[in-house]
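Undergrad: coords below, sequence missing:
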């Protein structure tokens, strides 16, 4: 079976302004690279329109209406100090959420074995009723709640290897025993959350904080704790918040991972998940701000998804 690649051209209309690190080129370099490679094991698909009902499992109605009414008719507006929006941001925002729903449905219907969603804006910092850190809706959280509501799953694992802690994902699922959130991240660093003491009501939050300067060997050793927790949880479906800003070339953080590490991280997640959910894995783009590192690292991430059987 093939690997799904779910994306939409609307990301190009989400203009964050000159000099903003969460720029249009982040997805362009990924998509153009995969187009150039013409890998026959990839199944390209566009996201379907996502309903408010699906988003309401994660964000409250006041916040959804606030977001809908925030997109400017011209120029720029901001939802927080970092999260800039423009007229075209609306379609990109809703397509980003729609991509993970389309990816999940595709895996469930056996259209493809697993999937990667190279979309923007990212999502893991967005809380129930608050945008922050470039994120508007929490795409991965909407996906997890969709799996629970639509497919009646009882154990969903979210693995977040972005260099920043997913405060939004943690906030949304802090008291939900059906969802395990595992995060490796630079600490202390933005957004300031993510200590080992934050465990969730049902011991369903697993934070693995690591210091600035963490290298490949140190990271991969620490990642064994994530895999151990994953095995204990026995997930029925695995969602990956795939941020690539722990790369040594990334300008927004101080980890020193190499491009090849993303292949190994993904491979380990897949091998572990195979034991419990037959490799049902969907990943979605979060951070990653050096364009060359992002292009190369996402290729290695997808290589692992394609090779898995």
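TA: Ah, there it is. Computed from a predicted structure; not experimentally measured.

Undergrad: contacting residues for the closest residue to residue 269 other than its chain neighbours?
TA: The shortest distance from residue 269 to any non-neighbouring residue, by C-beta to C-beta, 6 or more residues apart in numbering, is to residue 159 (5.9 Å). To be clear about C-beta, it is placed using only N, CA and C from the backbone, and glycine gets the same treatment. Residue 159 makes contact with 182, 183, 226, 230, 238, 239, 240, 241, 269, according to C-beta atoms under 8 Å, 6 or more residues apart in numbering.

Undergrad: same check, this time on residue 216
TA: Residue 216 is in contact with 256, 257, 258, 261, counting by C-beta under 8 Å, 6+ apart.

Undergrad: what's next to the helix or strand containing the last one, contact-wise?
TA: Read it as residue 261. Secondary structure from DSSP states H and E places residue 261 in helix 259-277. Identification of contacts with helix 259-277 by C-beta under 8 Å, 6+ apart yields 114, 157, 159, 161, 216, 219-220, 223, 227, 230-231, 234-238, 240, 244, 247, 279-281, 283, 293, 296-298, 300-301, 303-305, 307-308.

Undergrad: paired strands for the helix or strand following it, with orientation please.
TA: Going down the chain from helix 259-277, the next helix or strand is strand 281-285, by DSSP H and E. Within its sheet, strand 281-285 is paired with strand 114-117 (parallel), strand 237-242 (parallel), according to DSSP bridges.

Undergrad: now mean neighbour count too, for these, in a markdown table please.
TA: Compiled in a markdown table, the strands paired with strand 281-285 are given as follows (neighbours: other C-beta atoms under 10 Å):
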| stretch | mean neighbour count |
| --- | --- |
| strand 114-117 | 28 |
| strand 237-242 | 27 |
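
Undergrad: for residue 151, find the nearest of those strands.
TA: strand 237-242 (7.8 Å; C-beta to C-beta).
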